[in-house]
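Student: build the 3D model from these lines:
(2 chains)
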Protein chains: 2
Amino acid sequence: MNIICDKSKLLDGINIVLKAIPGKSTMAILECLVIEAENNIIKLIANDLEIGIETVIEGQIVEEGNVAIGAKVFSDIIRKLPSEQVEINVNENYQLFIKCGKAKFNIAAKPTDEFPYLPQIVKEKHVEISQFTLKDIIRQTVFSISDNENTKVMTGELFEITDNKLKVVSLDGHRISIRNVELNNSYDNISVIIPGKTLIEINKILNGGVDDIVKIYFTDKHILFEFENTVVLSRLIEGEYYKIDKMLSSDYETKITVNKKEMLDSIDRTTLLMKESEKKPVIIDIKDNSMGLAMNSSIGSMDEEIDAVKEGKDILIGFNPRFLIDALRVIDDEEITLYMINPKAPCFIRDKDESYIYLILPVNFN
Amino acid sequence: MNIICDKSKLLDGINIVLKAIPGKSTMAILECLVIEAENNIIKLIANDLEIGIETVIEGQIVEEGNVAIGAKVFSDIIRKLPSEQVEINVNENYQLFIKCGKAKFNIAAKPTDEFPYLPQIVKEKHVEISQFTLKDIIRQTVFSISDNENTKVMTGELFEITDNKLKVVSLDGHRISIRNVELNNSYDNISVIIPGKTLIEINKILNGGVDDIVKIYFTDKHILFEFENTVVLSRLIEGEYYKIDKMLSSDYETKITVNKKEMLDSIDRTTLLMKESEKKPVIIDIKDNSMGLAMNSSIGSMDEEIDAVKEGKDILIGFNPRFLIDALRVIDDEEITLYMINPKAPCFIRDKDESYIYLILPVNFN
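Tutor: Coordinates of the predicted model:
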């Protein structure tokens, strides 16, 4: 194999497929990326068996071929090369030669026989969505997946399509995050559970353009994201997702609207008094046109009042401040509305159109 | 005590004295900073018994007094306050009240009885230097102090003043870094060893103005830096510094001038092939008008040639690439000149005026 390409384009491609390189693996071949130069296409491929990524890079093929190369050392070398043309050459003994400017590297590579190429997917059912929207959806929900591998379903997110509606749900037993998005077309009903790790990595690769389309293909076991020169294939999580509809309620006794940043900053300050060892709640005291926030711990006490517009009853209710912070951080609205029933019932943060719904369980306090 | 000050000015002051707060200490009082409000002056003080820092902040004293307060929690709180006036109030039970905007904090503080205030220094001998120059000198030498506490003298830097000349030296047994600076005035001869830690912390506090003067006072046991509203007092290291003059030589067999960035980038690339477990040298091959750099390790091999202007003999010599990188990184010149005698003798990097001299010992290679 012998190819010539631009350092920056090569590096961009490497950075994409690196997302499918495992930190440590018992299978050394998984720590390699494959360069495949065939039929006028130069492709970089990596696969940790959960997520597989292929990306096509621009360049010139002098001689066709393919090679597997330790992804870490290869990416480190390319990153530090001068910004010029890079020539990559592999001989019959799988010695890889990298030439760029006056710098020459020679490292040991491997044949690709043992490399787990991405399985071929029959591209049938698919959905289109903008990169911008997909990035947003992931950012606004992925924080409330669970990392407990014993409840595998909770480590993923539900993607449910009905007609032209996409509903995305994540939950961890203490809270539920929901995003509802209208799609530009109608589709067959689809309901899959996508691993959180896949979504986190996809989110890092997407560049977030409003006009850049991601095509999402579904099969029984896999989901495939296709955008620009890149394909990301992931296993789906098997199993039945939780029925969340009965947990949602639009009843409330207290409805309160506040400035999001003010509330977020204030809760953020309460966490200064938190210690790992004592999990103290932030206590929210809603009275006419004010929201009090207070924290009491062994370090000290803190309280603050912010302006609010209230409908309904006064309420005194406690929360894990971390859960409120997580939700508030991802909401883009300047003003947010919270709905509560009583100090034991879940609190909802949602906008009028229910484009987002955050359910957070309160905690007891004395 | 009751004071009112601007959040940002208070925070600036805290950030300065934090440099003298130990990470962990068996003496809880050392993890506190003192606020002293007396005679119309608000002072923040911290002292880890190696370094002590005092800084004066602007503000209004409503009631005089002083208090010791856990530096970490206090700085965390102040950092997260809104950008407004902060009122700090201590009652007779050493409860500290912080009020800012609508936020109110209450944390437990301590009396200052046990706090080790900075010793009074008789201000006699002193030297003036600009913040800019002092920062530069520290940055350009402090990397080659030793962290081996068994040879205490090597963990500090020699500051030696003769007439209007300041010479600063650090060494770790493998290399020596020297900066020579001309001062604006002549002074009595002074020769002290300043702890590296002091210099590193001072460097973080100095803002680096060319017109901002630092006054440096010397006593037998202490050095005191005075600038703007801040005073930093440090113990000196006792003992005799190494006689370095006889290690320096201006003889050479090979003199070679290269572009600094080219050489630095190239050596940087050689380190990609280094492993913790095998300490491989970079091998420098100097021939007519070129400098070859090569590295061979179990990961692979690399070589590169850069343009050079040579006087004298060809030479093949090996170095720990880290030592070359450290020196090259801090030199501001575009072109640098290296002087060598043979592959066993030290290499010198120095400018014409010897404003800097870096001595680096070569290493053996096969």
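Student: can you pull out the helices in chain A?
Tutor: Across chain A, reading from the start of the chain, the helices by DSSP state H fall at A:7-17, A:71-80, A:131-139, A:196-205, A:260-270, A:321-330.
Student: closest one to B:Ile315 among those helices?
Tutor: Put simply, out of the helices of chain A the one that sits nearest B:Ile315 is helix A:71-80, at 26.1 Å, with distance taken as Cβ to Cβ. Just so you know, the C-beta spots here come from the backbone N, C-alpha and C atoms, and that holds for glycine as well.
Student: picking that back up, could I get the helices of chain A as TSV with mean neighbour count and distance to chain B?
Tutor: Listed next are the helices of chain A as TSV, based on neighbours: other Cβ atoms under 10 Å in any protein chain shown; distance: least, Cβ to the nearest Cβ, whole Å:
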stretch	mean neighbour count	distance to chain B
helix A:7-17	20	13
helix A:71-80	19	5
helix A:131-139	20	23
helix A:196-205	20	24
helix A:260-270	20	5
helix A:321-330	20	12
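Student: of those helices, give the one that comes closest to A:Lys125.
Tutor: Each of these has some distance to A:Lys125 by Cβ to Cβ; the shortest is helix A:131-139, at 16.9 Å.
Student: for A:Ser298, see how far away A:Glu64 is.
Tutor: Look at A:Glu64 and A:Ser298: by Cβ to Cβ, to the nearest Å, they are 68 Å apart.
Student: more neighbours: which of those two?
Tutor: Ranked by neighbour count (other Cβ atoms under 10 Å in any protein chain shown), A:Glu64 and A:Ser298 place A:Glu64 first, with 14 against 10.
Student: give me the neighbour count for A:Ile237.
Tutor: Taking other Cβ under 10 Å as the neighbour definition, A:Ile237 ends up with a count of 19.
Student: who's in contact with it?
Tutor: Residues in contact with A:Ile237, defined by Cβ atoms under 8 Å, 6 or more residues apart in numbering or on different chains, are A:152-153, A:155-156, A:193-195.
Student: could you do A:Tyr339 as well?
Tutor: Going by Cβ under 8 Å, 6+ apart, A:Tyr339 touches A:250, A:252, A:254-255, A:347-350.
Student: do the same with A:Ile129
Tutor: The neighbours of A:Ile129, taking Cβ under 8 Å, 6+ apart as the test, are A:166, A:181, A:183, A:213-214, A:216.
Student: just those residues: which are in strands?
Tutor: Within the contacts of A:Ile129, residues falling in strands by DSSP state E are A:166, A:181, A:183, A:213-214, A:216.
Student: list buried residues within these.
Tutor: Restricting the ones in strands among the contacts of A:Ile129 to buried positions leaves A:166, A:181, A:214, A:216, with burial counted as 16 or more other Cβ atoms under 10 Å in any protein chain shown.
Student: pull out the buried residues from stretch A:101-121.
Tutor: Buried residues in stretch A:101-121, counting neighbours by 16+ other Cβ under 10 Å, are found at A:101-107, A:109-110, A:112, A:115, A:118, A:121.
Student: could you identify the most distant pair in these?
Tutor: Pairwise distances among these were taken by Cβ to Cβ; the largest, 43.9 Å, belongs to A:Lys102 and A:Ile121.
Student: for chain A, what lies in contact range of chain B?
Tutor: On the criterion Cβ under 8 Å from any Cβ of the partner chain, chain B has as its neighbours in chain A the residues A:73, A:76-77, A:80-82, A:101-108, A:265-266, A:268-269, A:272-273, A:299-306.
Student: coming back round to it: in JSON lines: the helices of chain A, plus distance to B:Leu49.
Tutor: Supplementary listing: the helices of chain A in JSON lines, determined by distance: least, Cβ to Cβ, whole Å:
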{"stretch": "helix A:7-17", "distance to B:Leu49": "47"}
{"stretch": "helix A:71-80", "distance to B:Leu49": "43"}
{"stretch": "helix A:131-139", "distance to B:Leu49": "47"}
{"stretch": "helix A:196-205", "distance to B:Leu49": "46"}
{"stretch": "helix A:260-270", "distance to B:Leu49": "33"}
{"stretch": "helix A:321-330", "distance to B:Leu49": "37"}
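Student: show me what the residue lying closest to A:Ala109 once chain neighbours are set aside is bridged to.
Tutor: With Cβ to Cβ, 6 or more residues apart in numbering or on different chains as the measure, A:Leu96 is the residue that lies nearest to A:Ala109, at 4.1 Å, once sequence neighbours are left out. Assessed by DSSP bridges, A:Leu96 has beta-bridge partners A:Val90, A:Ile107.
Student: report pLDDT for A:Leu96.
Tutor: Confidence per residue is given as pLDDT, and for A:Leu96 that number is 97.
Student: the closest residue to chain B within the stretch 1-150 of chain A: what's it in contact with?
Tutor: With Cβ to the nearest Cβ as the measure, A:Ile107 is the residue of the stretch 1-150 of chain A nearest to chain B, at 3.2 Å. When contacts are counted by Cβ under 8 Å, 6+ apart, A:Ile107 touches A:69-70, A:73-74, A:77, A:95-96, A:98, B:273, B:299-301.
Student: from those, which would you call buried?
Tutor: The neighbour-count criterion (16+ other Cβ under 10 Å) marks A:69-70, A:73-74, A:77, A:96, A:98, B:273, B:299-301 among the contacts of A:Ile107 as buried.
Student: if we can go back for a sec, in a markdown table: the contacts of A:Ile237, plus neighbour count and pLDDT.
Tutor: Putting these into a markdown table (neighbours: other Cβ atoms under 10 Å in any protein chain shown; pLDDT from 0 to 100) gives the following:
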| residue | neighbour count | pLDDT |
| --- | --- | --- |
| A:Lys152 | 14 | 94 |
| A:Val153 | 16 | 95 |
| A:Thr155 | 19 | 97 |
| A:Gly156 | 26 | 97 |
| A:Ile193 | 22 | 97 |
| A:Ile194 | 24 | 97 |
| A:Pro195 | 20 | 97 |
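Student: what sits closest to the residue of the stretch 201-350 of chain A found nearest chain B if chain neighbours are left out?
Tutor: Proximity to chain B, evaluated over the stretch 201-350 of chain A using Cβ to the nearest Cβ, is greatest for A:Gly300 at 3.2 Å. Of all residues beyond its chain neighbours, the one nearest A:Gly300 is B:Ile107 (3.2 Å), with distances taken as Cβ to Cβ, 6+ apart.
Student: the residue nearest to the spatial centre of chain A and A:Val232, how far apart?
Tutor: Computing the C-alpha centroid of chain A and ranking residues by Cα atoms, centre = their mean puts A:Ile200 first, at 2.6 Å. As defined by Cβ to Cβ, A:Ile200 lies at a distance of 12 Å from A:Val232.
Student: swap in A:Asn40?
Tutor: As judged by Cβ to Cβ, A:Asn40 and A:Val232 stand 23 Å apart.
Student: neighbour-wise, which of the two wins?
Tutor: A direct count of neighbours by other Cβ under 10 Å for A:Asn40 and A:Val232 places A:Val232 higher, at 26 against 8.
Student: now do the contacts for the closest residue to A:Val34 other than its chain neighbours.
Tutor: In space, not counting the residues next to it along the chain, A:Val34 is nearest to A:Ile45; the distance is 4.3 Å by Cβ to Cβ, 6+ apart. Counting by Cβ under 8 Å, 6+ apart, A:Ile45 touches A:17, A:33-34, A:36, A:52-54, A:115, A:117-118.
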